[in-house]
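A.B. asks: I'd like to go over a predicted model; first the sequence, then the structure.
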Amino acid sequence: GAGVSQTPSNKVTEKGKYVELRCDPISGHTALYWYRQSLGQGPEFLIYFQGTGAADDSGLPNDRFFAVRPEGSVSTLKIQRTERGDSAVYLCASSLTGDYGYTFGSGTRLTVV
Amino acid sequence: GENVEQHPSTLSVQEGDSAVIKCTYSDSASNYFPWYKQELGKGSQLIIDIRSNVGEKKDQRIAVTLNKTAKHFSLHITETQPEDSAVYFCAPLGGGNEKLTFGTGTRLTIIP
């Protein structure tokens, strides 16, 4: 597609449930990033993929968070045993090479109740 | 890690006037300096960026200036219009880091 697509756009889940957030990057972009943005703050880095592998996962807050990109294109961010503090907008971005020209998706607003 | 500060946090300007937002960073190896615009319900949109080998870049009403010695870069918007109202983020890319570190954002309001 023309841009980065994220689904769903909104997700409401109960505390303790498992959720998956999907990111469809721009075709051909090898670099893919996940960021999390809480209200009133800038996006915080979670994880970076170069191709299929996670080149840097230092931003994942704990082991409840996991992300995959099995074929080097679509990525899924998985959150287990969700907590109310996980509520945020989760942003995905892709870049052709990873060193400039990032394009962001519209984000998934996750609300844990 | 990279420390990024943005000033001011809020800015209101009359339509037609200019707006300037400044971003300071700590990593002297940073080599890529983008500005993003975020409107309600939308993802962050890249509006202008600059590489470390140039000091200024302009695209119509928007410009970015870079001072590598002082470790800051600024967004300049001239002839502001109501549609410029948004939150703007700087996000320098650290050298060898390959991840953007975002500033805290500046809410720009254009007063008609």
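C.D. replies: Everything's here; your move.

A.B. asks: low-confidence ranges in the chain?
C.D. replies: As the question left the chain open, I've gone with chain A. The model of chain A has pLDDT under 70 over residues A:1.

A.B. asks: chain B is the one I meant
C.D. replies: Within chain B, the set of residues satisfying pLDDT under 70 comprises B:1, B:41, B:95-97.

A.B. asks: how about the residues of it near chain A?
C.D. replies: Contacts of chain B with chain A, taken as Cβ under 8 Å from any Cβ of the partner chain, map to B:31-32, B:34, B:36, B:41-46, B:49, B:51, B:89, B:91, B:93, B:98-105. The C-beta positions use only the backbone N, C-alpha and C, and glycine is treated the same way.

A.B. asks: pull out the buried members of those.
C.D. replies: Restricting the residues of chain B next to chain A to buried positions leaves B:31-32, B:34, B:36, B:43-44, B:46, B:49, B:89, B:91, B:93, B:98-105, with burial counted as 16 or more other Cβ atoms under 10 Å in any protein chain shown.

A.B. asks: returning to what we had before: narrow the residues of chain B next to chain A to those in strands?
C.D. replies: Members of the residues of chain B next to chain A lying in strands (criterion: DSSP state E): B:32, B:34, B:36, B:45-46, B:49, B:51, B:89.

A.B. asks: ok, which pair from these is furthest apart?
C.D. replies: B:45 and B:51 (19.2 Å; Cβ to Cβ).

A.B. asks: nearest spatial neighbour of whichever residue of chain B sits closest to chain A, skipping sequence neighbours?
C.D. replies: Chain B approaches chain A most closely through residue B:102 (3.4 Å), counting by Cβ to the nearest Cβ. Distance criterion Cβ to Cβ, 6 or more residues apart in numbering or on different chains; nearest residue to residue B:102, sequence neighbours excluded, is residue A:42 at 3.4 Å.

A.B. asks: so residue B:55 sits against residue B:64, correct?
C.D. replies: No - in this structure residue B:55 lies outside contact range of residue B:64 using Cβ atoms under 8 Å: 9.7 Å.

A.B. asks: more neighbours: which of these two?
C.D. replies: The neighbour count for residue B:55 versus residue B:64, taken as other Cβ atoms under 10 Å in any protein chain shown, is higher for residue B:64 (24 against 12).

A.B. asks: quick one: end-to-end distance for stretch B:49-61.
C.D. replies: End-to-end distance for stretch B:49-61: 14 Å, by Cα to Cα, to the nearest Å.

A.B. asks: give the bridge partners for residue B:21, please.
C.D. replies: residue B:75 (DSSP bridges).

A.B. asks: check contacts around it.
C.D. replies: Residue B:21 makes contacts with B:6-8, B:11, B:35, B:74-75, B:88, B:90, B:106, B:108, as judged by Cβ atoms under 8 Å, 6 or more residues apart in numbering or on different chains.

A.B. asks: tell me, how many neighbours does the one residue in chain A that gets nearest to chain B end up with?
C.D. replies: For chain A, the residue closest to chain B is residue A:42, as judged by Cβ to the nearest Cβ, at 3.4 Å. Neighbours of residue A:42 under the rule other Cβ under 10 Å: 22.
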